[in-house]
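Novice: Model the structure of this input:
(one chain, ligands or ions: 1)
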Amino acid sequence: MNSPKLFSPLQLRELKLRNRIAMPPMCQYSAIDGMAGDWHLVHYGSRAAQGLGLMIVEATAIEPRGRISPHDLGLWKDEQIEPLRKVVAFVKAQGPAIGVQLAHAGRKASGARPWEGGAQLSPSQGGWECVAPSAIPFKEGELSPRALSKAELGDIVGAFVAAARRALSAGFDLVEIHAAHGYLLHQFLSPLSNRRDDEYGGSFANRSRLLLEVVEAIRKVWPADKPLFVRLSATDWAAGGWDVPECVALSGILKERGVDLIDASSAGLIATQKVIVGPGYQVPFAQAIRAGAGLPTAAVGLITEAAQAEAILEEGKADLVLLGRELLRNPGWPAQALRELGAESFDGRPSEGDTSLRSAASTGYGRGLAPQYLRSLREMSR
Ligand SMILES: Cc1cc2nc3c(=O)[nH]c(=O)nc-3n(C[C@H](O)[C@H](O)[C@H](O)COP(=O)(O)O)c2cc1C
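Specialist: I've put the predicted structure just below:
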């Protein structure tokens, strides 16, 4: 029997992912007052029914000031729990695990949606004052953010914790802390955006302090049987910026503080970055962190082919593969990969968790037709 690694389970604390195909967080910019709506149920629900092992819900703001756009999801108030609970329950019923990315956009908050141009919104355009480690704008011509005081940093940690409690109440299996893509926690990590002269700026230890405080505080309220992920940008792709050696060192410390997996991305900190993009271009970061810090990693970025995903896992470069835009284009990717890799079924047997096969095989139409669909599916996967 052919048993690709892609379709093998992954155990993280007490959570068992049924396979290693996951959808990374992707903003939908479709929330009203931070609340999930029908769009979220359909978007996440439809992909959940296609055989993923895990999906991570988009950047979800821990406070209104931390939204990338006015239309981001939020978990800054209790009213936002119930609509997400509905999404979580539906997704879980289809088989995948579901996490949520908790985020604060810092100086990159207060923007228009991408399809409205994505530019910074001033308070008079419906935006708000942004906050950051230092009063340095993301790019020339933007309004300067306000540097956060030390007391305010305590409030930010508190808001992350409160959002994590709400995520737990909504039923999420895991939380991912967003410390990548030039958002607030990454702004603290990088010397290009953090020019503070207190204990939150300067040395590597000082620049890492806020993220470590957030992780420690969340780990206290997030149950010991549930995993905690951190998404990091491994490099700023810019001279003098945050880079792989510091990222590997930080990942080792995060592991000691109870982080279970590093979601290894890159970039987003400054507008003048020079990113070299190509198939699997960020896989070396997942590999370096996994080897150097000794904890599981997720690889992401232009992973689109089944054989490519399988090789990343087989060669020990990562433990999980995340497919973003590919799953937007092609939600049926898991079943396609199953066929291409010649696997017997999603976890080696037609199981309850084997949703896409089960529904494709059994919903059929009319009495007596299901066996024929099942047979053609089996033939397909040879
Ligand atoms: C529409 C869209 C929204 C995104 N939103 C987020 C987000 O909320 N949080 C995040 O960490 N990354 C976000 N990303 C980045 C993706 O998670 C992923 O890292 C990136 O798309 C590269 O993977 P891919 O080549 O498979 O698409 C977004 C990407 C897209 C295309």
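
Novice: rest of the way, CA atoms for contacts and neighbours
Specialist: OK.

Novice: which SSE is the residue lying closest to residue 292 once chain neighbours are set aside in?
Specialist: Spatially, and ignoring its direct neighbours in sequence, residue 292 is nearest to residue 248 (6.1 Å; Cα to Cα, 6 or more residues apart in numbering). Per DSSP states H and E: residue 248 is located in helix 244-256.

Novice: List the buried residues in that helix.
Specialist: Across helix 244-256, burial judged by 16 or more other Cα atoms under 10 Å covers 244, 246, 247, 248, 250, 251, 252, 254, 255.

Novice: Show me what counts as buried in the longest helix anywhere in the chain.
Specialist: In the chain, taking DSSP state H as the definition, the longest helix is helix 150-170. If you call a residue buried by 16+ other Cα under 10 Å, then helix 150-170 has these buried ones: 153, 156-168, 170.

Novice: ok so, going back, can you name the residues that contact the residue nearest to residue 292?
Specialist: If a contact means Cα atoms under 8 Å, 6 or more residues apart in numbering, then residue 248 has 288, 289, 292, 293 as its contacts.

Novice: ok, now with 10 Å
Specialist: When contacts are counted by Cα atoms under 10 Å, 6 or more residues apart in numbering, residue 248 is found next to 234, 254, 262, 285, 286, 288, 289, 290, 291, 292, 293, 294.

Novice: again with residue 38
Specialist: Residue 38 neighbours (Cα under 10 Å, 6+ apart): 30, 31, 83, 87.

Novice: from those, which single one is nearest residue 48?
Specialist: Sorting these by how near they are to residue 48, with Cα to Cα, puts residue 87 at the top with 10.2 Å.

Novice: which SSE is that closest one in?
Specialist: Assigning secondary structure by DSSP H and E places residue 87 in helix 81-93.

Novice: Give me the contacts around that helix.
Specialist: Under Cα under 10 Å, 6+ apart, the answer for helix 81-93 is 35-38, 40-49, 54-55, 57, 73-75, 96-100, 163, 165-173, 353, 355.

Novice: just so I have it, where are all the strands in the stretch 201-350 of the chain?
Specialist: With DSSP state E, counting those that start in this stretch as the definition, the stretch 201-350 of the chain shows strands at residue ranges 228-233, 261-265, 297-300, 320-322.

Novice: Take those strands and write them to TSV, including distance to the ligand and mean pLDDT.
Specialist: TSV is the format used below for the strands of the stretch 201-350 of the chain (distance: least, Cα to the nearest ligand atom, whole Å; pLDDT from 0 to 100):
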stretch	distance to the ligand	mean pLDDT
strand 228-233	7	98
strand 261-265	6	98
strand 297-300	5	98
strand 320-322	6	98
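
Novice: Just say which of those strands is most tucked in.
Specialist: strand 297-300 (a mean of 29; mean count of other Cα atoms under 10 Å).

Novice: Surely residue 41 forms part of a helix?
Specialist: Yes - according to DSSP: H, G, I helix; E, B strand; the rest coil, the state of residue 41 is that of a helix.

Novice: and it, what does it touch?
Specialist: Here residue 41 is in contact with 83, 84, 86, 87, 88, 89, 90, 91 (Cα under 10 Å, 6+ apart).

Novice: Top of those by number of neighbours, please.
Specialist: Highest neighbour count within these, by other Cα atoms under 10 Å: residue 84, with 27 neighbours.

Novice: Roughly how far does that one sit from residue 126?
Specialist: 25 Å (Cα to Cα, to the nearest Å).

Novice: Spatially nearest residue to residue 36, not counting backbone neighbours?
Specialist: The nearest residue in space to residue 36 (Cα to Cα, 6+ apart) is residue 83, at 5.4 Å.

Novice: can you pull out the helices in the stretch 101-250 of the chain?
Specialist: Secondary structure of the stretch 101-250 of the chain (DSSP state H, counting those that start in this stretch): helices at 150-170, 184-189, 204-221, 244-256.

Novice: Now do the longest helix of the chain, average pLDDT.
Specialist: Across helix 150-170, the average pLDDT comes to 98.

Novice: Remind me what that helix packs against, helices and strands.
Specialist: On a contact count with 3 or more Cα pairs under 10 Å, 6 or more residues apart in numbering; DSSP states H and E, helix 150-170 meets strand 54-61, helix 81-93, strand 97-103, strand 174-179, helix 204-221.

Novice: want to throw these into JSON lines with distance to residue 330?
Specialist: As requested, the helices and strands packed on helix 150-170 are exported to JSON lines (distance: least, Cα to Cα, whole Å):
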{"stretch": "strand 54-61", "distance to residue 330": "15"}
{"stretch": "helix 81-93", "distance to residue 330": "18"}
{"stretch": "strand 97-103", "distance to residue 330": "19"}
{"stretch": "strand 174-179", "distance to residue 330": "24"}
{"stretch": "helix 204-221", "distance to residue 330": "34"}
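
Novice: quick one on the thing from earlier: and which of the buried residues of helix 150-170 is nearest residue 188?
Specialist: Set against residue 188, the nearest of those by Cα to Cα is residue 153 (11.0 Å).

Novice: so that closest one makes contact with residue 199?
Specialist: No - Residue 153 is not in contact with residue 199 according to Cα atoms under 10 Å; the separation is 11.6 Å.

Novice: Pull up the overlap in contacts between those two.
Specialist: With Cα under 10 Å, 6+ apart as the test, residue 153 and residue 199 both reach residue 210.

Novice: which bits of the protein sit near the ligand?
Specialist: Proximity of the chain to the ligand (Cα under 6 Å from any ligand atom) is limited to residues 24-27, 58-59, 300-303, 323-326.

Novice: how about 8 Å then?
Specialist: 23-28, 57-60, 101, 178, 180-181, 231, 265, 300-304, 322-327 (Cα under 8 Å from any ligand atom).

Novice: from those, which would you call buried?
Specialist: Applying 16+ other Cα under 10 Å to the residues of the chain next to the ligand flags 23-25, 27-28, 57-60, 101, 178, 180-181, 231, 265, 300-304, 322-327 as buried.

Novice: For stretch 278-289, C-alpha coordinates in CSV please.
Specialist: Presented in CSV, the C-alpha positions along stretch 278-289 are these (Å, rounded to 0.1, in the frame of the first residue of the first chain):
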residue,chain,number,x,y,z
GLY,A,278,9.8,31.0,-6.5
PRO,A,279,8.3,27.6,-5.9
GLY,A,280,8.7,26.6,-2.2
TYR,A,281,10.9,29.7,-1.6
GLN,A,282,10.3,29.8,2.1
VAL,A,283,10.9,26.0,2.7
PRO,A,284,14.6,26.6,3.6
PHE,A,285,13.4,28.7,6.6
ALA,A,286,11.1,25.9,7.9
GLN,A,287,14.0,23.5,7.4
ALA,A,288,16.6,25.8,9.2
ILE,A,289,14.2,26.3,12.2
